[in-house]
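Q: Kindly return the folded structure for what I paste below:
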Amino acid sequence: QKGIIANPNCSTTQMVVALEPIRQKYGLKKVIVSTYQAVSGAGLSAIEEMKTQMQDVLDGKEAKAEILPVSSDKKHYPIAFNAIPQIDKFEENGYTFEEMKMINETKKIMEMPELGVAATCVRLPVETGHSESVYIETEQGGATAEEMKELLRHAPGIVLQDDPANQVYPMAVNCVGKPDVFVGRIRKDLDKDNGFHMWIVSDNLLKGAALNSVQIAESLVKLQLLK
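A: Numbering: from 1, shown residues only. Coordinates of the predicted model:
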């Protein structure tokens, strides 16, 4: 069967890489994600505008905005020293298009149309590297945080950085140029036996885009699906 394969959204990609091993072992009931996305996701012009804004603010000038949150939208806000809770345009249901992409893609990729997913996407003044605070509820209860860490420690494409006693956790500045998805801050919810919180970070330009496209192509070749 001929067709087109679409590369998922960068923020979706890193999240499902981390969640798939959990789904396979414990099942998934709910996913709530808040993303903290780098400016590079909006293109080179957005990066250049951010740098100009930062210098203007440091020089005591007014930061002018023409691109973010959406270049074609009615209003624009400076990203320098700011956080903008809008990525792409708003839809009638109050979610942005970016948030709905994450919700729909997660269900589609994991083949779980009934999975409960909610997303809030925020743009931060970081050049490269998307970060995500993720809360999940598993189908099976009883797992410990240590068991969850051990599962992800041995999962493909994941680097576990989780040693809070020594302040070891994923940060965007350390993931740039690296192909993996970094996971840390794994902890059990204080009220839900099947609830867990985690922090997921990845290079949005590499694993979130270019590398993931190559890996999809490599999988097609391996499965002899390319003609």
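
Q: just checking, next helix/strand downstream of the biggest helix by length in the chain?
A: In terms of residue count, the longest helix belonging to the chain (DSSP state H) is helix 10-26. Reading on from helix 10-26 to the C-terminus, the next helix or strand found by DSSP states H and E is strand 30-37.

Q: Which residues in that following strand does the neighbour count mark as buried?
A: Lys30, Val31, Ile32, Val33, Thr35, Tyr36, Gln37 (16 or more other C-beta atoms under 10 Å). Placement of C-beta: from N, CA and C, glycine included.

Q: Could you double-check that the third one sits in contact with Ala118?
A: In this case it means Ile32. Yes - assessed by C-beta atoms under 8 Å, Ile32 is found in contact with Ala118 at 4.9 Å.

Q: now the strands for this structure?
A: Remark: strands assigned in the chain by DSSP state E are 30-37, 116-123, 130-137, 158-160, 181-188, 195-202.

Q: Those into JSON lines, with extra columns for distance to Met54 and mean pLDDT?
A: What follows is those, written out as JSON lines (distance: least, C-beta to C-beta, whole Å; pLDDT from 0 to 100):
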{"stretch": "strand 30-37", "distance to Met54": "18", "mean pLDDT": "99"}
{"stretch": "strand 116-123", "distance to Met54": "14", "mean pLDDT": "99"}
{"stretch": "strand 130-137", "distance to Met54": "19", "mean pLDDT": "99"}
{"stretch": "strand 158-160", "distance to Met54": "30", "mean pLDDT": "98"}
{"stretch": "strand 181-188", "distance to Met54": "26", "mean pLDDT": "99"}
{"stretch": "strand 195-202", "distance to Met54": "22", "mean pLDDT": "99"}
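
Q: quick one: which of these is nearest Pro69?
A: Of all the strands of the chain, it is strand 116-123 that lies closest to Pro69, at 6.3 Å by C-beta to C-beta.

Q: Just the C-alpha atoms of the closest one, please, in PDB.
A: The C-alpha coordinates for strand 116-123 follow below in PDB (Å, rounded to 0.1, in the frame of the first residue of the first chain):
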ATOM      1  CA  GLY A 116      -7.100  10.700  28.000                       C
ATOM      2  CA  VAL A 117      -4.600  13.400  26.900                       C
ATOM      3  CA  ALA A 118      -4.400  17.000  27.800                       C
ATOM      4  CA  ALA A 119      -1.700  19.500  26.800                       C
ATOM      5  CA  THR A 120      -0.600  23.100  27.600                       C
ATOM      6  CA  CYS A 121       2.200  24.400  25.300                       C
ATOM      7  CA  VAL A 122       4.400  27.300  26.400                       C
ATOM      8  CA  ARG A 123       7.100  29.100  24.600                       C
END
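
Q: Now tell me what touches that strand from outside.
A: In this structure, residues lying in contact with strand 116-123 by C-beta atoms under 8 Å, 6 or more residues apart in numbering are 11, 29-37, 39, 41-42, 68-69, 79, 83-88, 95-96, 98-100, 102-103, 106-107.

Q: Could you list the buried residues of the longest helix of the chain?
A: For helix 10-26, a neighbour-count test (16+ other C-beta under 10 Å) marks 10-23, 26 as buried.
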